[in-house]
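Peer 1: Pasting a predicted model and its sequence here:
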Amino acid sequence: MLVTGCGGRTEKRSPAPPRPELFGPGPRYRPPAFGRAVERARSVRGLRCTRSRPARFLAHVEIFVDGRVVLMPAGIGIAPPHVRRGAFVVSGRCDYPLRTREPTGLVEVAPSPRLTLGDLFAVWGQPLSSRRVLSFRGPVMAFVGRGRVAGDPRRIELRPHLVVTVEVGRYVPPHFPYVFPPGLPTVRP
């Protein structure tokens, strides 16, 4: 019950739906941007690290574990050494066709044949399956937009302005979807 003062009235309100915490605690919620293959600029699942190529389109990926946000770091798919501008990775030795330049979950997808969420996690050097995401184990739920995707989350094909949510543990109710900033690429020929 909410009570207001100064001549206000008493009214009943529903409790606010549970919201995810900003970020989970500890290093498990802040994984590194790359594994050994990317550190050494080696091929990952047939994806090669080459000179920077422009993004063909952008997708957004967010990860929740027990209702808490996992940080997707800047520099996924960009071989070190990194040139940084604040939190942004401007460039590196070479780039993979899937990469992040900022720690927001915004994924640049370069011209390439069909690329999937599984490809992104492979380039990142992190596990993803229907029972595991990163170092967290349990049933994994994946959503595209607000719709749940059945089956293996690795098979989700990345498309222009796709918003993917991956969850393990406590369910996170649908929230405001990611809004792509204006002027970012959707599809280039």
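Peer 2: Received the coordinates, thanks.
Peer 1: what is the spatially closest residue to residue 25 that is not a sequence neighbour paired to in the beta sheet?
Peer 2: Among residues not flanking residue 25 along the chain, residue 68 sits closest, at 7.7 Å (Cβ to Cβ, 6 or more residues apart in numbering). Placement of C-beta: from N, CA and C, glycine included. Beta-bridge pairing of residue 68 under DSSP bridges involves residue 21, residue 65.
Peer 1: Just to check, residue 68 is in contact with residue 24?
Peer 2: Yes: under the criterion of Cβ atoms under 8 Å, residue 68 lies in contact with residue 24, with a separation of 3.5 Å.
Peer 1: For the two, indicate the residue with more neighbours.
Peer 2: Shown here are residue 68 and residue 24; by other Cβ atoms under 10 Å, residue 24 has more neighbours (20 against 17).
Peer 1: what's the pLDDT at the more buried one?
Peer 2: Residue 24 is assigned 89 on the pLDDT scale.
Peer 1: next one: residue 175
Peer 2: Reading off the confidence values, residue 175 has pLDDT 72.
Peer 1: likewise residue 21?
Peer 2: 55.
Peer 1: likewise residue 16?
Peer 2: So residue 16 comes in at 50 (pLDDT).
Peer 1: likewise residue 166?
Peer 2: According to the model, residue 166 scores 96 on pLDDT.
Peer 1: Any figure for the gap between it and residue 145?
Peer 2: Counting by Cβ to Cβ, to the nearest Å, the separation of residue 166 from residue 145 is 13 Å.
Peer 1: Which one's more surrounded, the two?
Peer 2: residue 166 (22 against 13).
Peer 1: what about the residue lying closest to residue 142 once chain neighbours are set aside, neighbour count?
Peer 2: Nearest residue to residue 142, sequence neighbours excluded (Cβ to Cβ, 6+ apart): residue 153, at 3.9 Å. For residue 153, the neighbour count with other Cβ under 10 Å is 23.
Peer 1: And for residue 163?
Peer 2: 17.
Peer 1: In this protein, mark out all the strands, start to finish.
Peer 2: 2-3, 10-11, 57-65, 68-70, 83-85, 88-91, 98-99, 106-109, 132-133, 136-137, 140-144, 147-149, 163-168 (DSSP state E).
Peer 1: wait, which of the ones you listed is closest to residue 42?
Peer 2: strand 98-99 (15.0 Å; Cβ to Cβ).
Peer 1: For the protein, which residues score under the pLDDT cut-off?
Peer 2: 1-21, 184-189 (pLDDT under 70).
Peer 1: what ranges do the helices span in the protein?
Peer 2: 36-39, 117-124 (DSSP state H).
Peer 1: Need those helices in CSV (columns: mean neighbour count).
Peer 2: Below are these laid out as CSV (neighbours: other Cβ atoms under 10 Å):
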stretch, mean neighbour count
helix 36-39, 17
helix 117-124, 24
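Peer 1: Tell me which of these sits nearest to residue 51.
Peer 2: Counting by Cβ to Cβ, residue 51 lies closest to helix 36-39 out of the helices of the chain; the figure is 15.3 Å.
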